[in-house]
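K.L.:
Kindly return the folded structure for what I paste below:
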Amino acid sequence: MNAKVAKAYANNEVESSVISSDSKELVVLVYERVLDNLKIGKCALENGEYGVEAFAKANDLIQQGLLACLDYSAGQDIAINLGAIYEWSLREMVNGRIEKSPQKIQEVIEVLTPLYEAWLSLAPKAQLHNGQAERVYKKTVRPTNLSVVNA
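P.N.:
Numbers count the residues shown, from 1 in each chain. Purely as a prediction, here's the structure:
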C-alpha cells in the first residue's frame with residue numbers, strides 16, 4: 001500500500017469516527033488533536049525547530065473547536081472558567097513559541113490534560129479513539145524523540 005492510499009485511509013477513519021460521534025466524543029477528539037499537536041510542537045521546539053504547523057493546528061482547534069463551542073448561557077461559570085483556560089492556553093502557546101520554550105508548552109499540556117481526562121470519563125465510547133493519538137505520534141515524531149510523547 002503506498003503512502004497516499006494509507007493517508008487517505010487514515011483520514012477516512014478519522015472522518016468516520018467524527019460522523020458517528022456524539023457531542024461529548026467530539027470534544028474528546030478535539031482535545032486529543034490539541035494535545036497531539038502541542039506535543040509535536042513542543043518536540044519541534046526541543047529540536048530547534050519552530051513547529052509552525054503543529055501550533056497553528058492546536059490554535060485553530062482551541063479557537064474553533066473548544067472556545068467557539070462554549071455555551072455561556074447554559075454553562076455559566078463553567079463556560080466562563082473554561083473560556084479563561086482556553087484563552088490562557090492560546091497566550092501561553094504564543095509566548096512559548098516566541099521564547100522557544102518547550103516548558104511553557106508543557107505547562108499548557110499539563111493544564112489541558114485533566115480537562116481532557118474529565119471529558120473522556122463523560123464519554124466512555126471515546127476511549128476507542130484514544131489509540132489514534134499514539135498512531136499520530138509514531139508517524140509524526142522522529143524515533144529519537146519518542147520518549148517526549150509520553151511526557
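
K.L.:
Give me the three-state assignment for Leu70.
P.N.:
Three-state call for Leu70 (DSSP: H, G, I helix; E, B strand; the rest coil): coil.

K.L.:
Could you check how far the spatially closest residue to it that is not a sequence neighbour is from Gln103?
P.N.:
Leaving aside its sequence neighbours, Leu70 sits nearest to Ala79 (CB to CB, 6 or more residues apart in numbering; 4.4 Å). All C-beta atoms are positioned from the backbone trio N, CA, C, and that covers glycine. For Ala79, the distance to Gln103 equals 29 Å [CB to CB, to the nearest Å].

K.L.:
Look at the two and report which has more neighbours.
P.N.:
Taking neighbours as other CB atoms under 10 Å, Ala79 and Gln103 compare with Ala79 leading, 16 against 11.

K.L.:
Can you tell me the element the residue nearest to Leu70 falls in?
P.N.:
Element membership for Ala79, per DSSP states H and E: helix 72-99.

K.L.:
quick one: buried residues of that helix?
P.N.:
Under the neighbour-count criterion of 16 or more other CB atoms under 10 Å, helix 72-99 has Ala79, Leu82, Ile85, Tyr86, Ser89, Leu90, Glu92, Met93, Gly96, Arg97 buried.

K.L.:
quick one: the last one and Ala54 touch, right?
P.N.:
Going back to what we said before, that points to Arg97. No. Under the criterion of CB atoms under 8 Å, Arg97 is not in contact with Ala54, lying 10.3 Å apart.
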